[in-house]
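K.L.:
task: produce atomic coordinates for the following.
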Amino acid sequence: MDYKCRCAWASSSPLMQDYHDTEWGVPERDPRRLWEMLMLEGFQAGLSWEIVLQKRAAFREAFAGFDPRKVAAFTTEDVGRLMRNAGIIRARAKIEATIRGAQIFNAMQEAGDDFAAFCWSFTDGRPLDGTGSDTETELSRTISKTLKKRGFKFVGPTIVYAWMQAVGIVNDHSPSCFRRDAVEKMSAGSDYCRQ
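P.N.:
Numbers count the residues shown, from 1 in each chain. Reported below is the predicted structural model:
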């Protein structure tokens, strides 16, 4: 029997428990991975994260491994192909937003504006300590506005905050959760430049 104390949401299924125990809240420094998670959070809007996790392998296959260079080149035919793919969440606006998001990501990288550095610049490169109860914050509203100005879609403050939690920009494990201290130790002394 596993008697570890976890965040309450992590007990909904073995898939969510594994995600919580191995991935959620770990500070992510890879720009491509940060972008992938932001796009997946956009797909989650209006649905449960568990649905996205169940479909994540299919998403990765459908979106060329979330390689921004490949996704940015997707055509209207690719949009049609994705709309017929029962393995993913078939929402045209979200699919088109992901393609546009890849184009923005590439433009940033080509301009020397590293996406990881951009993401972590809002916290001076260090993860924030969360309360475990917020759904959005002043910072998620600021990041949301900044992303929207750059042209990203499906990046409202609640989506952005869920993304911040997922990629470890904020450590929102509950105070009693066994992962809170572990994630905090992973974050100690880190900065956004570390890859």
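K.L.:
may I have whatever helix or strand residue 21 lives in exported as PDB, CA atoms only?
P.N.:
Per DSSP states H and E: residue 21 is located in helix 14-22. The C-alpha coordinates for helix 14-22 follow below in PDB (Å, rounded to 0.1, in the frame of the first residue of the first chain):
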ATOM      1  CA  PRO A  14      -3.200   6.000 -11.200                       C
ATOM      2  CA  LEU A  15      -2.300   8.200 -14.200                       C
ATOM      3  CA  MET A  16      -2.800  11.400 -12.300                       C
ATOM      4  CA  GLN A  17      -0.900  10.000  -9.300                       C
ATOM      5  CA  ASP A  18       2.100   9.100 -11.500                       C
ATOM      6  CA  TYR A  19       2.000  12.500 -13.200                       C
ATOM      7  CA  HIS A  20       1.900  14.200  -9.800                       C
ATOM      8  CA  ASP A  21       4.700  12.100  -8.400                       C
ATOM      9  CA  THR A  22       7.200  12.400 -11.300                       C
END
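K.L.:
could you look up the next helix or strand downstream of it?
P.N.:
With secondary structure assigned by DSSP H and E, helix 14-22 is succeeded by helix 31-44.
K.L.:
in that following helix, what's buried?
P.N.:
Across helix 31-44, burial judged by 16 or more other CB atoms under 10 Å covers 31-32, 34-44. Where you see a C-beta, it was placed from the backbone N, CA and C, and this is true even at glycine.
K.L.:
and for stretch 68-83?
P.N.:
Residues 68, 71, 72, 74, 78, 82 are the ones in stretch 68-83 that count as buried (16+ other CB under 10 Å).
K.L.:
what is the nearest of the residues you listed to residue 147?
P.N.:
Distance to residue 147, by CB to CB, is smallest for residue 68 among these, at 15.0 Å.
K.L.:
contact partners for the closest one?
P.N.:
Shown in contact with residue 68 (CB atoms under 8 Å, 6 or more residues apart in numbering): 32, 35, 102, 105, 106, 109.
K.L.:
make a markdown table out of those and add pLDDT.
P.N.:
Shown next, in a markdown table, are the contacts of residue 68 (pLDDT from 0 to 100):
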| residue | pLDDT |
| --- | --- |
| 32 | 98 |
| 35 | 98 |
| 102 | 98 |
| 105 | 98 |
| 106 | 98 |
| 109 | 97 |
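K.L.:
the protein: strands as residue ranges?
P.N.:
Here the chain has its strands, by DSSP state E, at 128-129, 170-171.
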